[in-house]
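> sequence first, predicted model second:
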Amino acid sequence: MGSPPRFSPWVSWRRILCIVSLPFISSGFAPRMKNRQNFIFEKVQPSQHRYNWSHLTPLELQDRSVGLQTEQRAGRNPYFTLEGHEFLILGGSIHYFRVPRESWRDRLLKLKACGFNTVTTYVPWNLHEPERGKFDFSGNLDMEAFILLAAEVGLWVILRPGPYICSEIDLGGLPSRLLQDPTSQLRTTNHSFIEAVDEYLDHLIARVVPLQYRKGGPIIAVQVENEYGSFHKDEAYMPYLHKALLKRGIVELLLTSDNTNEVLKGHIKGVLATVNMKSFKEGEFKDLYQVQSNKPILIMEFWVGWFDTWGNKHAVRDAIDVENTIFDFIRLEISFNVYMFHGGTNFGFMNGATYFEQHRGVVTSYDYDAVLTEAGDYTPKFFKLRELFKSIFVTPLPALPEPTPKAVYPLVRPSLYLPLWDALQYLNSPVLSNVPLNMENLPINNGNGQSYGLVLYQTTICSGGQLHANAQDMAQVFLNETNLGTLANGRQDVYIPRITECQLLRILVENQGRVNFSWKIQNQQKGLIGPVTINDIPLESFTIYSLELKMSFFKRLRSASWKPVPDGHLGHPAFYLGTLKAGSSPMDTFLTLPDWNYGFVFINGRNLGRYWNIGPQKTLYLPGSWLQPEDNEIILFEKIMSGSYIHTTDKPIL
């Protein structure tokens, strides 16, 4: 990602001198009068001041009345103030829902120790309200605890509550049940969508209000939705959300966030417009100038890396390029937020997907080539940014937290297995339907349908021929227990050989992640979409099993009649059971599955996420906090062909 470093060695030396005498940059620029409506990029002799914000932390700043504001003064660029003091936002993104709760403090301390003063986080609606009116803010989803912990560490918070967040999460953070109603239009003022949004915001914002700056909390700004300029279906939508936040008690600075070329379509009058970018170019701000010429620039997302999708190469970005760009931001007094400082992991089924010619799920790791690794370890980017920040602050940075120890555990060879067909009895009761139902419209979970996982459709057929089905995203077709083929990426037909007596047709469909960006979110129903035909004759009378693979299912599996794993490899979907021996003091590790093919790993019933031998991801991060001393139950649900051993390593393999 990004361009190669732009500084020769002698320019780098000049840059060092510039940093040493880095401005309180206000007096370091002269206005270009005929272009005053634009940001000033010319630099003259810098002042001899450096930054001192030691008194501007949540614990130190007790007298509060005005919060984060924007100001302008003749002869210089507009700037932010916090309680009247000039302030530059040095933000870094950490998503609490992608990080084990036990690791929150470590990641936030590392953000502070690097030199940042603000943490930004999204709020995922789909995880917090898994069923209508049923909210979950516990454990890893305890948003309030994360925000208060940030304050304790000494960080301000910019909250990005959605309702749509993108974030490479399933359906951009919107609950999949919204797809049940064919008349509902996501991200518009359509009645059914807005009604659901209002109910969610009623609950969420009541939790947020006490955490605001002027209430004594660390939240200094709140984002209105996310990147609406790239969607732009309804002119009334963003103003509606703006008013929705205000009337529920949000009093801090409100902002929008869009790509630089879409800010004209995404901004709201009276709300600070911010932009996202991967590289620094003066011309990138021309649309922002049209929206607001008298406000400071905030780069809401400066992309220091990128996410990975299955079957593509691992994305990386040069650390020197990142350092140089952030130096430019600081030199020009541009506030910014690093996306991501620490990406974390798409545990379970939370990952989203892209669709450019074909559907590609986002991998389990959300490493993002970020400033900290997926497991929270230091990177060259971290040390370069820490040195840069050290050079601009009057007060020393906090000491570095100790690296998180890793372990290599004994090999695990699963000794027992259970074919999928034998496990069906331990699932919840199946749905009986004359026609196949998509995942979202299954009459389960109190009318909320199925959000994630797999669905097995079964019916009896008495003749062969050309089977046709629209399966989203990947389906394996079986005749009894024989695999006949796969439906995926536009393939919708499988030939069923001639049969002499009635047989059981089974179609196992997996949701590999709903698209999280673009107008395609409107059509992300999963499972079988529409009728299934053989030789153009619709099939009827389906038994439909929901494989959500929740912890309750694995508790029931403990009473199953598991079978010894035979020699050789088994080629049908099955669960494989083994024991991971973690010793008396479990530590973080990474799982590798070198001769397994495709499936999911569950540790003590917790879903670590998807593995797939097409890469680019080769290891699964296993937090030590999710392990218990000594023996741990490890179950693989392998869909294609079993392997032999489960390995661990103390380093990720990319």
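Thanks, I have the structure now.

> contacting residues around the residue lying closest to residue 209 once chain neighbours are set aside?
Distances taken as C-beta to C-beta, 6 or more residues apart in numbering place residue 249 nearest to residue 209, at 4.2 Å, with adjacent residues excluded. Every residue, glycine included, has its C-beta placed from N, CA and C. Applying C-beta atoms under 8 Å, 6 or more residues apart in numbering, we find residue 249 in contact with 205-206, 209.

> what's the spacing between residue 249 and residue 82?
Distance, residue 249 to residue 82, by C-beta to C-beta, to the nearest Å: 21 Å.

> what's the end-to-end length of stretch 636-652?
19 Å (C-alpha to C-alpha, to the nearest Å).

> quick one, strands of the stretch 551-654 of the chain?
Counting by DSSP state E, counting those that start in this stretch, one finds strands in the stretch 551-654 of the chain at the ranges 563-564, 574-581, 589-592, 598-603, 606-612, 619-622, 631-638, 647-649.

> how about the stretch 1-150 of the chain?
Using DSSP E, counting those that start in this stretch, strands in the stretch 1-150 of the chain cover 68-71, 79-82, 85-87, 90-94, 118-122.

> next: the stretch 401-550 of the chain.
Going by DSSP E, counting those that start in this stretch, the stretch 401-550 of the chain shows strands at 416-419, 431-433, 454-461, 465-468, 471-472, 474-479, 482-488, 493-496, 503-510, 527-528, 533-534, 537-538, 542-547.

> contacting residues for residue 57?
Neighbouring residues of residue 57 by C-beta under 8 Å, 6+ apart: 117, 154-156.

> may I ask which of those has the most neighbours?
Within the contacts of residue 57, neighbour counts (other C-beta atoms under 10 Å) peak at residue 156, which reaches 27 neighbours.

> give me the phi and psi for it.
Residue 156 has phi and psi values of phi -80, psi 170 when expressed as degrees, to the nearest 10.

> from residue 222, how far off is residue 598?
The spacing between residue 598 and residue 222, counted by C-beta to C-beta, is 41 Å.

> and what of residue 305?
Distance from residue 305 to residue 222, by C-beta to C-beta: 26 Å.

> which one of these two has more residues nearby?
Comparing residue 305 with residue 222 by other C-beta under 10 Å, the one with more neighbours is residue 305, at 24 against 20.

> any idea which helix or strand carries that one?
Secondary-structure assignment from DSSP states H and E places residue 305 in no helical or strand segment.

> quick one: it and residue 366 touch, right?
No. Contact criterion C-beta atoms under 8 Å: residue 305 and residue 366 do not qualify, at 10.1 Å.

> now list whatever residues contact both of the two.
Residues touching both residue 305 and residue 366 by C-beta under 8 Å, 6+ apart: 340, 343.

> gap between the residue of the chain positioned farthest from its centre and residue 463?
Relative to the centre of the chain, the most outlying C-alpha is that of residue 500, 50.0 Å out, by C-alpha atoms, centre = their mean. For residue 500, the distance to residue 463 equals 10 Å [C-beta to C-beta].

> and residue 388, by the same measure?
On the measure of C-beta to C-beta, residue 388 and residue 463 end up 70 Å apart.

> looking at those two, which is more packed in?
Neighbours were tallied for residue 388 and for residue 463 using other C-beta under 10 Å; the higher tally belongs to residue 388 (19 against 13).

> what pLDDT does that one get?
In this model, residue 388 is scored at 97, pLDDT.

> tell me which element it is part of?
Assessed by DSSP H and E, residue 388 sits inside helix 380-390.

> residue 139 and residue 101 touch, don't they?
Yes. Residue 139 lies in contact with residue 101 (C-beta under 8 Å); the separation is 6.1 Å.

> quick one: which of these two has more around it?
Neighbour count, other C-beta under 10 Å: between residue 139 and residue 101, residue 101 has more, with 18 against 10.

> on that earlier part again, just the contacts of residue 249: which are in helices?
205-206 (DSSP state H).

> any of the contacts of residue 249 buried? List them.
In the contacts of residue 249, burial by neighbour count holds for residue 205, counting by 16 or more other C-beta atoms under 10 Å.

> roughly how far does the residue nearest to residue 366 when sequence neighbours are not counted sit from residue 318?
Of all residues beyond its chain neighbours, the one nearest residue 366 is residue 343 (3.9 Å), with distances taken as C-beta to C-beta, 6+ apart. Distance of residue 343 to residue 318, given as C-beta to C-beta: 17 Å.

> tell me which of these two has more neighbours.
Neighbour count, other C-beta under 10 Å: between residue 343 and residue 318, residue 343 has more, with 26 against 17.

> pLDDT score for that one?
Taking residue 343 on its own, its pLDDT is 98.

> again with residue 640
Looking at residue 640, its pLDDT is 96.

> same check on the one 3 residues further on?
Predicted confidence (pLDDT) for residue 643: 96.

> I figured it hits residue 599, correct?
No. Counting by C-beta under 8 Å, residue 643 stays clear of residue 599, with 9.7 Å between them.
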